[in-house]
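**Student:** coords below, sequence missing:
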């Protein structure tokens, strides 16, 4: 019933998610925030894989990349600084 | 005490989900930049997905695909993952729609910051 | 973008990206992934192509009148597949074709699900492409 | 053929608007066809809804259960046409037909050219189909999907209006509504975690057995649902997005948003509260008192805020906040008179508020003015529009022989039955405030001299729509019969009284 090595890995990834979301809260440059968001969705996809839902992992990976690309395009077209 | 700690630790995905939910809703409610609000919404939704998936997964389970793994370990519950798939689709469409609105707002106001937008609008109203 | 390496790499990779997307769409019911993820991959392939080779080139590959039609008829296809059940005297979306449901793990094992997936995948791919073009074109 | 249609009626009611909406967008060049298709499918929907409601009434409330794909209940998704579903379906079909008739040849000012108008109609039909789905669904996750699609199409309808204000309002609405749907999804997750079912009936049965083990989870799930749907339905402290969104949207969109979309979320909330948690649990957790309290707050605050507004459409939007309070209050009363009254009030408010918004839109587009004091003398120059507006105002205030009266009367009776005199008093005060903020508009329109401008009633389809709605307001007040009967059956079903 104890925690296995895989559990510690998942914990580390969840910790990374928390750090990444805090970073997105504080970063002022929107382009950097969106890049961190791309990393966030990637780690999220790995967590889904760890939790035995590969279906969700592949969708999250595709959707995360799609959303990141869209956000980057819009930020490139508009303004990059958070005021 | 040790048993209690073990009980708490074994449920770590829920704690992470709660923390992520809090950070996400804080981002939505306190940051005035529209992109930040959008990112916050996405963080919040993924936190809820995490909670749902953690409820459906089991520690000794395997992927619920027939003939994928012939050991006799139990499948995890496939229903939450199918449902959260829909949730991801919804969050993608919300994001896309919000981005289209941001582009339109930027064309009118020249900024993506909600506070400055309302400043500009009030200034226009006064003149 | 003028970069030679980037152009060559995208040109080489694009067929494989599209093939992978189509594979994910077609095998949505037997393996991880599905119509949404596969459609997203196909759409992102076109988006990558048009970022590297320019919007004009991308538009010749996927013209607007084509995406309008695929976008709405992809979803209509879903409802039509649902009506198949009614024509066979069964409830809406009943999974019964002329062919019976096949062996687990094979492509035909899904019955109507695979066909529905094709429609959804086409719709998702064309929606992604349309969104990208509108965002790039809207003069900001 | 008719037998086939009869067995698959619940599916056709939901799928027909969706089917047509996806058919529309490649047809933008033939805009005339688009419009006639939209009106035609709405008319067909009304026929089917009336037939379905008649079937339910004749069989005295025996539900029609339809399993999608042939999978029975705990595994598959059901469409469950009970008396509540048939009632709301009738309201949806009855109100969407006149609104789509009003939109015919009338969108070029507010929305734009044929392509943009076609996109508007696509979203409009999507919303109509989704609302029909909300009426019939019996599955928790289906509710989430329908709520999401409804939210996105509502935001799309708001942003269809040209100009920055509508885009800003739509963005605020989108962000807040997505927060709300996150909470709804969380609530569904909690219910699924402790019951293992997504079908509402089975989840309710399972919950009855286990709720004592997880009282905090039940409490949390309830509050998640209340806040999540409260944001979407603009329950008072959470209404901040509504005035902007509903007043800047194009006229037909304001009508359907204020008249129907808000009610769709309330119906979903009620289905979950009464179908999954059931009356017993709501009683244990004191949710009835919370609902009554929130309703009273919303009535008072919404009416007072509406008084402070000078713009006509904003005043009507704040009035919606107050009327949502009535509806929520009625569900909190938990007796058959109160719930039946509130259901009837929901229907009558759907009709009245769409009438008011359509008439206000016609006034604004004819005169070019938005402030309530600017409509001096409109009554003689635009007799049909202003006449219908007056009828609807009388109905909203609750004058006898108009439809609002029946609902308010039953609400009063219900609140007296539980001995809640404060609620009865608040209902009365709300009516007086409603009269204070609506009657001055009628007075200026009829009794003040008109300027020289050439103002005219709108075109033929618009007049037809307004007259249809006006007749509905009076008809529901004079002959509430079958609809009230259906509402009473729905109330008995919700409260589990045989």
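**Tutor:** Done, it's in. Bear in mind that the values here come from a model prediction, so they are computed numbers and not experimental data.
**Student:** Need the outlier residue of chain C, farthest from its centre.
**Tutor:** For chain C, the C-alpha farthest from the mean C-alpha position belongs to residue C:89; by C-alpha atoms, centre = their mean, that distance is 30.1 Å.
**Student:** give me the number of residues near residue B:35?
**Tutor:** The criterion is other C-beta atoms under 10 Å in any protein chain shown. On that basis, residue B:35 has 26 neighbouring residues. Where you see a C-beta, it was placed from the backbone N, CA and C, and this is true even at glycine.
**Student:** I misspoke; the intended subject was residue D:22.
**Tutor:** Neighbouring residues of residue D:22 were enumerated by other C-beta under 10 Å; the total is 23.
**Student:** what about it, which SS state?
**Tutor:** Taking DSSP: H, G, I helix; E, B strand; the rest coil as the rule, one finds residue D:22 in the helix state.
**Student:** need the contact list for it.
**Tutor:** Contacts of residue D:22 were listed using C-beta atoms under 8 Å, 6 or more residues apart in numbering or on different chains, and they are C:72-73, C:75-76, C:79, D:122.
**Student:** Roughly how far does it sit from residue C:3?
**Tutor:** Separation of residue D:22 from residue C:3 (C-beta to C-beta, to the nearest Å) stands at 41 Å.
**Student:** again with residue D:50
**Tutor:** 65 Å.
**Student:** Please identify which of these two sits among more neighbours.
**Tutor:** Shown here are residue D:50 and residue C:3; by other C-beta under 10 Å, residue D:50 has more neighbours (16 against 10).
**Student:** That one reaches residue D:90, doesn't it?
**Tutor:** Yes: here residue D:50 lies in contact with residue D:90, judged by C-beta atoms under 8 Å, at a distance of 6.7 Å.
**Student:** Which stretches in the stretch 1-150 of chain D count as strands?
**Tutor:** D:64-67, D:78-81 (DSSP state E, counting those that start in this stretch).
**Student:** Reformat these as TSV; add mean pLDDT and mean neighbour count.
**Tutor:** Output for the strands of the stretch 1-150 of chain D, formatted as TSV (pLDDT from 0 to 100; neighbours: other C-beta atoms under 10 Å in any protein chain shown):
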stretch	mean pLDDT	mean neighbour count
strand D:64-67	86	18
strand D:78-81	87	24
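**Student:** what about stretch D:230-250, distance to the chain center?
**Tutor:** Its chain's C-alpha centre and that of stretch D:230-250 lie 13 Å apart, by C-alpha atoms, centre = their mean, to the nearest Å.
**Student:** where does chain C dip in pLDDT?
**Tutor:** Counting by pLDDT under 70, chain C has low-confidence residues at C:1, C:97-102, C:104-105, C:138-140.
**Student:** if we go to 50?
**Tutor:** When the per-residue scores of chain C are filtered using pLDDT under 50, the ranges that remain are C:140.
**Student:** swap in chain B?
**Tutor:** Along chain B, the model assigns pLDDT under 50 to residues B:127.
**Student:** What helix or strand is the residue farthest from the centre of chain C located in?
**Tutor:** Here residue C:89 sits in a region with no helix or strand, counting by DSSP states H and E.
**Student:** how far away is it from residue D:7?
**Tutor:** With the distance defined as C-beta to C-beta, residue C:89 ends up 9 Å from residue D:7.
**Student:** Need the three-state assignment for the closest residue to residue D:496 other than its chain neighbours.
**Tutor:** The shortest distance from residue D:496 to any residue that is not its chain neighbour, by C-beta to C-beta, 6 or more residues apart in numbering or on different chains, is 6.3 Å, and that residue is residue D:279. Assigned by three-state DSSP, the conformation of residue D:279 is helix.
**Student:** Surely residue D:279 is in contact with residue D:495?
**Tutor:** Yes: contact between residue D:279 and residue D:495 holds when scored by C-beta under 8 Å: they sit 5.7 Å apart.
**Student:** any shared contact partners between those two?
**Tutor:** Residues touching both residue D:279 and residue D:495 (C-beta under 8 Å, 6+ apart) are residue D:334.
**Student:** how about the residue nearest to residue B:77 when sequence neighbours are not counted, what does it touch?
**Tutor:** Counting by C-beta to C-beta, 6+ apart, residue B:77 lies nearest to residue B:56, which is 4.0 Å off, once chain neighbours are set aside. Remark: with contacts taken as C-beta under 8 Å, 6+ apart, residue B:56 is in contact with B:76-81.
**Student:** what residues does chain B put near chain C?
**Tutor:** For chain B, the residues in contact with chain C under the definition C-beta under 8 Å from any C-beta of the partner chain are B:63, B:65-67, B:85, B:88-89, B:96, B:99-100, B:103-104, B:106-107.
**Student:** State which helix of chain B is the longest.
**Tutor:** helix B:78-109 (DSSP state H).
**Student:** After that helix, which helix or strand is next? Please name it.
**Tutor:** Counting by DSSP H and E, the next helix or strand C-terminal to helix B:78-109 is helix B:114-126.
**Student:** re earlier: farthest pair in the residues of chain B next to chain C?
**Tutor:** In terms of C-beta to C-beta, the residues of chain B next to chain C reach their longest pairwise distance at B:67 and B:107, which sit 54.4 Å apart.
**Student:** Neighbour count for the two, which is higher?
**Tutor:** Between residue B:67 and residue B:107, residue B:107 has the larger neighbour count (other C-beta under 10 Å), namely 15 against 7.
**Student:** Relative to residue A:12, how far out is that one?
**Tutor:** According to C-beta to C-beta, residue B:107 and residue A:12 sit 43 Å apart.
**Student:** Give me the contact status of the lowest-mean-pLDDT helix or strand in chain D with chain C.
**Tutor:** With mean pLDDT, DSSP states H and E as the measure, the helix or strand of chain D carrying the lowest mean pLDDT is helix D:2-7 (a mean of 79). Yes: on the criterion C-beta under 8 Å from any C-beta, helix D:2-7 is in touch with chain C at residue D:4.
**Student:** so residue D:166 sits in a strand?
**Tutor:** No: secondary structure of residue D:166, determined by three-state DSSP: helix, with no strand assignment.
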